[in-house]
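> sequence unknown, structure follows:
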């Protein structure tokens, strides 16, 4: 009899997009006139820089679901906003995901967003992650919440990699032995409310493994207890042989 293994809890596509936008310190704006790289100003991430508006015509006419909405007014500029999520640790292939927001930038003279932001009539959002692309609409995006660790994840991962590499070796005890065959190096790749992800690097390839927390966290200060719970569980298992350098 084959036993059913429930999927490991992970953020939804909409949650990943919100998290990437919240943590972003730069973006690329692409219009018919070219590409412009924009750095974060005054500590504001993507959601604070861009104020998204729904498209009434888009929502009201389901027959147009495959077309780009066209806002009223000739001054609107078709644009895409590109965000790249880069791992803070020195893993192989550091780009973890890419996000594209497509729509129309509205003229500042007629559309005033919150201070320091620009209004955009939203078309769709696209998440490119792990070789898969997922399109997300505005209602789903607005209903999702950014991960509690969005703005502190980078510091947590670099601290673990730089100062507590031995803990990664302990966490590897939670990984199935067959997945460790041929692994030369393991580094923390990501951490979110549901768990921590390790990147297992082979000679010419790599593999990612998620280690779920006993329960999702709701506040950043709960992360320490969740990680220690994983470590306690790992220490109760027999140690594995060390990875090859």
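Right, received. Where do you want to start? Everything quoted here is computed from the prediction, not taken from an experiment.
> residue ranges with poor pLDDT in the chain?
Scanning the chain for pLDDT under 70 picks out 1-7, 40-49, 56-74, 109-117, 240-245.
> need the helices for it, in chain order.
Defined through DSSP state H, the helices belonging to the chain, from first to last, are 13-23, 46-49, 56-60, 138-143, 153-163, 165-171, 223-235.
> Tell me which of these is the most buried.
Greatest average neighbour count among the helices of the chain goes to helix 13-23 (a mean of 23), per mean count of other C-beta atoms under 10 Å. Using the backbone N, CA and C atoms, a C-beta is placed for each residue, glycine as well.
> that older thread, out of the helices of the chain, which is closest to residue 200?
When these are ranked by proximity to residue 200, the top entry is helix 165-171, at 10.5 Å, counting by C-beta to C-beta.
> centre of the chain versus the closest one, how much separation?
In this view, helix 165-171 has its centroid 24 Å away from the chain centroid, taken as C-alpha atoms, centre = their mean, to the nearest Å.
> before we move on, what about stretch 164-175?
Counting by C-alpha atoms, centre = their mean, stretch 164-175 is centred 23 Å from the centre of its parent chain.
> how long is it end to end?
Across its full length, stretch 164-175 reaches 18 Å between end residues, using C-alpha to C-alpha, to the nearest Å.
> got the contact list for it?
Contacts of stretch 164-175 from elsewhere in the structure, counted by C-beta atoms under 8 Å, 6 or more residues apart in numbering, are 160-161, 180, 186-188, 196, 198, 200, 209, 211, 230-231, 233-235, 237-240, 242-243.
> Going along the chain, name the strands of the chain.
Shown for the chain, the strands assigned by DSSP state E span residues 26-31, 34-39, 50-53, 77-86, 95-105, 118-129, 132-136, 185-192, 195-201, 206-212.
> now these as TSV including mean neighbour count and distance to residue 168?
As requested, the strands of the chain are arranged in TSV below (neighbours: other C-beta atoms under 10 Å; distance: least, C-beta to C-beta, whole Å):
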stretch	mean neighbour count	distance to residue 168
strand 26-31	16	29
strand 34-39	10	32
strand 50-53	18	36
strand 77-86	18	20
strand 95-105	20	18
strand 118-129	21	23
strand 132-136	14	27
strand 185-192	22	6
strand 195-201	21	7
strand 206-212	17	11
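> burial measure for residue 146, as a count.
For residue 146, the number of neighbouring residues by other C-beta atoms under 10 Å comes to 20.
> so what's it up against?
The contact partners of residue 146, by C-beta under 8 Å, 6+ apart, come to 15, 18-19, 21-23, 47.
> Same question for residue 9.
With C-beta under 8 Å, 6+ apart as the criterion, the residues that contact residue 9 are 194-195, 212, 216.
> Swap in 10 Å and give it another go.
Residues counted as contacts of residue 9 (C-beta atoms under 10 Å, 6 or more residues apart in numbering) are 192-195, 210, 212-213, 215-216.
> For residue 84, find the nearest of the helices of the chain.
Ranking the helices of the chain by their distance to residue 84 (criterion: C-beta to C-beta) puts helix 13-23 first, at 8.5 Å.
> okay, the angle between the closest one and strand 185-192?
100 degrees (axes from the mean of the first three to the mean of the last three C-alpha atoms, to 10 degrees).
> which helices and strands sit right next to helix 13-23?
Applying 3 or more C-beta pairs under 10 Å, 6 or more residues apart in numbering; DSSP states H and E, one finds that helix 13-23 contacts helix 46-49, strand 77-86, strand 95-105, strand 118-129, strand 132-136, helix 138-143, helix 153-163, strand 185-192.
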